[in-house]
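# heads up, no residue letters with this:
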């Protein structure tokens, strides 16, 4: 995660993955939002995280 403060504005850049060094950073803004993800999306979020972990393990074996 990268956080920058410019002229009083906070910008957050994050990958949302377990392997940030191999991922694309995307901007995140929290505007009128109380939660980071919706309860009904949790399965999709966990699957994304686990798939990134599997890719990292494959990269380590190949490297």
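Okay, I see it. Just so it is clear, the model here is predicted, and its values are computed rather than measured.
# how about the helices in this protein?
For the chain, the helices defined by DSSP state H occupy 42-62.
# how about low-confidence regions in it?
Low-confidence segments of the chain (pLDDT under 70): 30-37, 63.
# most centrally placed residue in it?
Centroid check for the chain by CA atoms, centre = their mean gives residue 16 as the closest residue, at 0.9 Å.
# show me what contacts that residue?
23, 26, 48 (CB atoms under 8 Å, 6 or more residues apart in numbering). Just so you know, the C-beta spots here come from the backbone N, C-alpha and C atoms, and that holds for glycine as well.
# again, 10 Å this time
1, 23-26, 28, 36-37, 45, 48-49, 52 (CB atoms under 10 Å, 6 or more residues apart in numbering).
# Which members of those residues are classed as buried?
In the contacts of residue 16, burial by neighbour count holds for residue 52, counting by 16 or more other CB atoms under 10 Å.
# Could you export the contacts of residue 16 as JSON lines, including distance to residue 7?
Shown next, in JSON lines, are those (distance: CB to CB, whole Å):
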{"residue": "1", "distance to residue 7": "20"}
{"residue": "23", "distance to residue 7": "28"}
{"residue": "24", "distance to residue 7": "25"}
{"residue": "25", "distance to residue 7": "21"}
{"residue": "26", "distance to residue 7": "21"}
{"residue": "28", "distance to residue 7": "18"}
{"residue": "36", "distance to residue 7": "25"}
{"residue": "37", "distance to residue 7": "29"}
{"residue": "45", "distance to residue 7": "32"}
{"residue": "48", "distance to residue 7": "33"}
{"residue": "49", "distance to residue 7": "34"}
{"residue": "52", "distance to residue 7": "34"}
